[in-house]
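Q: Quick one: sequence plus predicted model below, questions after.
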Amino acid sequence: MNISNLSNDPVVGENSSTRNTSSELGKDDFLRLLTVQLRHQDPLDPMDNTEFIAQMAQFSSLEQLQNMNQTLEKGFDSEGRLHTAFQNSLATSLVGKTVEVPTREIEFDGSEETTLAYRLERGTNEATLQIMDALGRPVREFELDEAAPYSSITWDGKSQEGNNMPAGAYRVVVSGAGAGSQLVSGEVLKNVRVEAVRYVDGEATIRVDGREISLGDLSGVVAD
């Protein structure tokens, strides 16, 4: 008698309330089917020893696979919790420190020069940094050194024509091209101090410059 023929036998299920509704055959189901098969075998034609051993080997393999799957699931879960705990600990250690975050806006006080740090994607062949006023009108454009993917430029507060610009907020955009004139992006970086750490659903976010960001938004930590 073959186990597969017993899987739909009403005797195996016992009753509809206890029957396993899962479409997957677990090790308990397998063992129950094997037990029923032995119980209902023909006494005049009992199961062949070789067949019995083969089915027991199947059961053993199934049990090992399920145990392995449970172990892997526990491992992934533990690794995830460890990663979250490490990130939360790192975030807490950043309170009071200066970090770099991407920005699209800078503040110009109207007198002192402003240093703008930037970062380019790898493979950038040419890039520019453009400063615009609050209405999006071009003010000044700088050509960046593509050989230095992480560097900075200094803006003296003058327009492209040499006129002094008023104090206020200005937009900054980095753009560039790579191989085959494919567009690549870049970032202007701003130094800000970490004000606090908040925990949302067990994961840390840090408060900088009046907004909440994740650790993944940080570009770097600046030595004080």
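A: Yep, that arrived. Residues are numbered from 1 along each chain as shown.
Q: Pull up the gap between the spatially closest residue to residue 179 that is not a sequence neighbour and residue 166, please.
A: The shortest distance from residue 179 to any non-neighbouring residue, by C-beta to C-beta, 6 or more residues apart in numbering, is to residue 123 (6.3 Å). All C-beta atoms are positioned from the backbone trio N, CA, C, and that covers glycine. Per C-beta to C-beta, to the nearest Å, residue 123 is found 38 Å from residue 166.
Q: Likewise for residue 120?
A: 30 Å.
Q: Looking at residue 123 and residue 166, which one has more neighbours?
A: residue 123 (13 against 8; other C-beta atoms under 10 Å).
Q: Which secondary structure state does the more buried one sit in?
A: Three-state assignment for residue 123 (DSSP: H, G, I helix; E, B strand; the rest coil): coil.
Q: what does residue 216 give?
A: Taking three-state DSSP, the label given to residue 216 is helix.
Q: Count the neighbours of it for me.
A: With other C-beta under 10 Å as criterion, residue 216 counts 6.
Q: Ok, residue 217 next?
A: 14.
Q: again, but for residue 186
A: 21.
Q: ok, now the one 3 residues further on?
A: A count of neighbours around residue 189, defined by other C-beta under 10 Å, yields 21.
Q: ok, now the one 3 residues further on?
A: Residue crowding around residue 192 was assessed by other C-beta under 10 Å; the count is 20.
Q: Report how many residues lie close to the spatially closest residue to residue 157 that is not a sequence neighbour.
A: Spatial nearest neighbour of residue 157, excluding adjacent residues (C-beta to C-beta, 6+ apart): residue 165 at 5.4 Å. Counted by other C-beta under 10 Å, the residues lying close to residue 165 total 17.
Q: who's in contact with the closest residue to residue 121 other than its chain neighbours?
A: Spatial nearest neighbour of residue 121, chain neighbours left out: residue 184 (4.5 Å); criterion: C-beta to C-beta, 6+ apart. The neighbourhood of residue 184, defined by C-beta atoms under 8 Å, 6 or more residues apart in numbering, consists of 120-121, 123-124, 127, 176-178.
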